[in-house]
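A.B. asks: Kindly return the folded structure for what I paste below:
(one chain, ligands or ions: 1)
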Amino acid sequence: MEDKREKLKSFFYKIKECQECELHEGRTRFVFGSGNAAAELMFVGEAPGKNEDLQGLPFVGRAGKILDDLLGSIGMNRKEVFIANVLKCRPPDNRDPKIDEINTCKEYLFEQINTIDPLVICTLGKYSTQLILDTSHGITGLRGKVFHRDGRTILPINHPAAVLYNPSRIEILQKDFLRIKDILGSGNKAEPAPVETHEDEENDSEKDNKDDDSRQLGLF
Ligand code: URA
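C.D. replies: Numbering: from 1, shown residues only. Modelled structure (predicted):
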């Protein structure tokens with residue numbers, strides 16, 4: 001557990017200034033992902049939006065509120081899971097990810113998955129589903145079906161943002177969250193890790209950067 005958190009933390013420090021694609025030019029913050037480094041359940045979304053870009057955290061806008069509510073509906077919270085995205089930087093005007101951006105960024109996600117080693121990955125929407133299942137099939141035919149890859153269970157579900165455009169979609173998501181609960185089984189939850197802070201002799205700007213980082217890392 002400690003090991004996974006340390007590994008994830010050094011990976012964060014290694015990649016957080018990434019300039020491998022043009023998305024770095026418009027980003028406010030690199031959105032690594034957050035949650036429990038030893039989570040049994042991992043969610044993979046598409047890419048940071050405006051709020052995520054500003055805060056450096058995944059799913060903190062309106063779609064994030066829906067995700068929180070859905071987690072709550074099965075008695076879980078985001079400290080127990082790990083939440084990441086296919087892309088770590090916000091595409092301009094929230095446009096769809098481009099294939100070359102996905103190909104550039106996907107190794108970061110794969111490394112996170114290898115480290116966290118979750119039992120279940122729940123892919124949110126088309127982009128993460130196609131990447132994790134290595135398929136070009138659409139989400140409509142895949143959602144709610146259970147797949148197995150590398151010893152893990154993969155459950156594609158609709159992206160929570162779909163509810164913002166079509167409120168009736170919440171029912172399908174609620175049903176799919178019950179499915180997650182079934183897959184994980186009851187009483188199968190990982191403890192959130194304690195937060196570590198190091199605030200020794202730093203100057204103000206170093207400290208500001210560290211504060212940003214610890215917010216991103218706070219839940220590891
Ligand atoms: N949508 C995503 O796919 N990811 C986020 O982090 C926020 C919204």
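A.B. asks: Identify the residues contacting the residue of the chain found nearest the ligand.
C.D. replies: Closest contact between the chain and the ligand, by C-beta to the nearest ligand atom, is at residue 45 (2.9 Å). For glycine as for every other residue, the C-beta is placed from the backbone atoms N, C-alpha and C. For residue 45, the residues meeting the contact criterion (C-beta atoms under 8 Å, 6 or more residues apart in numbering) are 58-59, 63, 83-86, 124-125, 128, 159.
A.B. asks: would you turn those into TSV with neighbour count?
C.D. replies: TSV is the format used below for the contacts of residue 45 (neighbours: other C-beta atoms under 10 Å):
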residue	neighbour count
58	29
59	27
63	23
83	26
84	24
85	27
86	25
124	26
125	21
128	29
159	23
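A.B. asks: Considering only the residues you listed, which also neighbour the ligand?
C.D. replies: Counting by C-beta under 6 Å from any ligand atom, the subset of the contacts of residue 45 that neighbours the ligand consists of 58-59, 63, 85.
A.B. asks: Quick check: the two most widely separated of those residues?
C.D. replies: Using C-beta to C-beta, the two most remote members of the ones next to the ligand among the contacts of residue 45 are 63 and 85, lying 11.2 Å apart.
A.B. asks: Residue 21 and residue 103 touch, don't they?
C.D. replies: No - in this structure, residue 21 is not within contact of residue 103 by C-beta atoms under 8 Å, at 9.2 Å.
A.B. asks: And the two? Which one has more around it.
C.D. replies: Per other C-beta atoms under 10 Å, whichever of residue 21 and residue 103 has more neighbours is residue 21, with 17 against 12.
A.B. asks: Can you tell me the SS state at the closest residue to that one other than its chain neighbours?
C.D. replies: Nearest residue to residue 21, sequence neighbours excluded (C-beta to C-beta, 6 or more residues apart in numbering): residue 104, at 4.7 Å. The three-state label given to residue 104 by DSSP: H, G, I helix; E, B strand; the rest coil is helix.
A.B. asks: Could you check how many residues crowd around residue 104?
C.D. replies: Here the number of neighbours of residue 104 (other C-beta under 10 Å) works out to 17.
A.B. asks: related to what we said a few turns ago, I'd like the list of the ones next to the ligand among the contacts of residue 45 that fall within helices, please.
C.D. replies: Using DSSP state H, the subset of these located in helices is residue 63.
A.B. asks: With respect to residue 25, which of the ones next to the ligand among the contacts of residue 45 is nearest?
C.D. replies: For these, the nearest to residue 25 is residue 85 (18.2 Å; C-beta to C-beta).
A.B. asks: hey, where'd the strands end up in this structure?
C.D. replies: 34-35, 41-45, 82-85, 120-124, 147-149, 152-157 (DSSP state E).
A.B. asks: list the helices and strands the fifth one packs on?
C.D. replies: Identification of packing neighbours for strand 147-149 by 3 or more C-beta pairs under 8 Å, 6 or more residues apart in numbering; DSSP states H and E yields helix 126-133, strand 152-157.
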